[in-house]
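>>> I'll drop the sequence and a predicted model, then ask my questions.
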Amino acid sequence: MSTTTSRSTVHSTFVVERSFDVPVARVWEAFADPVQKHEWFGTSDDWTTVEDTDDFRVGGTAVSEGEFHGGPVSRYVATYTDLVEAQRIVLTYDMWLDGAHISTSLATYELAADGETRTSLRYTEQGAHLDGLDDPAGREEGMRGIFDTLAAYLAG
């Protein structure tokens, strides 16, 4: 007896803009240094890390897998496709939840100096959310939360 899975794709695009009270070089460093990135990207007291790697170069991959306490296992796998130092990061990434592939996205981070001591970040994500397993609004909310964590990290 076979099981039929309902297949669907929801496409979405969203933009998040943030300012940080540190120079561009400092924000870039928080992305480029895997030790620093681990401190703010996808970590919290409710998260148990299973795998965390980051090869920050064109063609390199980043993997973040872990479990929310009492909840599902989340797996993020990204490939860096374009890096322009202190200006731009472009990557594609896939998300899995408890082993089910839930989305594929193209993400672009654009950094710009805002005076000598501030940085403007513009994040654009274009996603394919699969089979009703992922919610575009929830993804945008999650990215806003990640940028809140980055802001707190940069503030010390």
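Yep, that arrived.

>>> C-alpha only now, for contacts and for neighbours.
Will do.

>>> quick one: low-confidence parts of this protein?
Along the chain, segments meeting pLDDT under 70 span 1-5, 42-44.

>>> can you rerun that using 50?
Low-confidence segments of the chain (pLDDT under 50): 1-2.

>>> Just the strands from it, written as ranges.
Here the chain has its strands, by DSSP state E, at 9-20, 47-54, 61-68, 73-84, 88-97, 100-113, 119-130.

>>> Among the ones you listed, which comes closest to residue 148?
When these are compared by Cα to Cα, strand 9-20 sits nearest residue 148, at 9.1 Å.

>>> Adjacent strands (with direction) for that closest one?
When pairing is defined by DSSP bridges, strand 9-20 lines up against strand 119-130 (antiparallel).

>>> Does anything pack onto the longest helix along the chain? Which helices or strands?
Counting residues, the longest helix in the chain under DSSP state H turns out to be helix 136-155. Counting contacts by 3 or more Cα pairs under 8 Å, 6 or more residues apart in numbering; DSSP states H and E, helix 136-155 is packed against strand 9-20, helix 24-32, helix 34-40.

>>> How about it, which residues are buried there?
Across helix 136-155, burial judged by 16 or more other Cα atoms under 10 Å covers 136, 139, 140, 143, 144, 146, 147, 149, 150, 151, 154.

>>> Tell me which two in those residues are the farthest apart.
136 and 154 (27.0 Å).

>>> wait, residue 96 sits on residue 102?
Yes: using Cα atoms under 8 Å as the test, residue 96 is close enough to residue 102 to be in contact (5.4 Å).
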